[in-house]
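Novice: With the sequence up front, the predicted model follows.
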Amino acid sequence: MIVTCPACNSSNSLDSLVGHEQAREALLLAFNFPVPLAAPFIKYLGLFRSGKRALSFDKVASLLGEVLPIIQSATITRNRQTYSAPIEYWVLGLEKIHTVRDLALPLKTNGLLLTIICDLTERAASKAENAQEQHRAGRTTVATVAAHQPAKLPTRPTEPRQGIPDCVKAALKPNTS
């Protein structure tokens with residue numbers, strides 16, 4: 001069976017991919033990836049490819065093998081500190097890495113992605129701590145401008161209103177007999 005890569009349009013036999021040890025390992029690791037991360041991670045792997053060479057299956061298997069256990073455990077340990085890393089942070093991190101300016105390509109390790117996710121965790125923890133401190137101090141959102149905004153009413157349906165059915169009209173008419 002011939003398969004075509006959606007990213008680069010190269011064609012290859014699925015049998016040859018499964019027969020190649022590192023390609024088989026990369027495929028098996030990819031099948032274990034959470035669905036929300038599959039497409040963003042493929043885009044991320046493109047950051048490891050140099051302009052002159054294709055990304056080797058050894059490198060793909062290595063990158064996937066390094067990250068998959070971290071994703072499954074939902075924690076990252078860096079500099080002797082453990083950070084929470086839910087799937088949502090991975091999705092945000094994969095989106096954010098493409099916006100980093102002066103990114104030295106090709107990437108060599110997953111270090112930048114892990115740093116971004118740790119930063120997201122620290123920011124969320126800081127925000128939660130700040131909200132808790134505001135609550136302890138007795139400051140609530142009651143007196144804020146946002147709290148005094150009028151509530152948004154639901155929008156009207158776009159389809160025209162239907163008339164009252166004849167059977168209902170008949171039932172509502174007073175009986176004049």
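Specialist: The structure has been received and is ready for your questions.

Novice: Spell out the secondary structure type for the residue most central in space within the chain.
Specialist: Of all residues in the chain, the one closest to the mean position by CA atoms, centre = their mean is Val91, 2.7 Å from it. Following DSSP: H, G, I helix; E, B strand; the rest coil, we place Val91 in the helix state.

Novice: my read is Asn12 is in a strand, agree?
Specialist: Yes - when three-state DSSP is applied, Asn12 is found to be in a strand.

Novice: For beta bridges, what are the partners of it?
Specialist: Asn12 has these beta-bridge partners by DSSP bridges: Val3.

Novice: Which residue comes closest to the residue nearest to the centre of the chain once chain neighbours are left out?
Specialist: Nearest non-adjacent residue to Val91, counting by CB to CB, 6 or more residues apart in numbering: Pro36, 5.7 Å away. Backbone N, C-alpha and C define where each C-beta goes, glycine included.

Novice: how deep is that neighbour tucked in, by neighbour count?
Specialist: 13 (other CB atoms under 10 Å).

Novice: Surely the residue nearest to the centre of the chain is in contact with Pro34?
Specialist: No - counting by CB atoms under 8 Å, Pro34 is not a contact partner of Val91; they are 9.4 Å apart.

Novice: How about Val60: what's its closest non-neighbour residue?
Specialist: Ala26 (4.4 Å).

Novice: List the contacts of the helix or strand where the one you found lies.
Specialist: For Ala26, the host element (DSSP states H and E) is helix 21-31. Residues from elsewhere that reach helix 21-31, judged by CB atoms under 8 Å, 6 or more residues apart in numbering: 16-18, 38, 56-58, 60-61, 64-65, 68.
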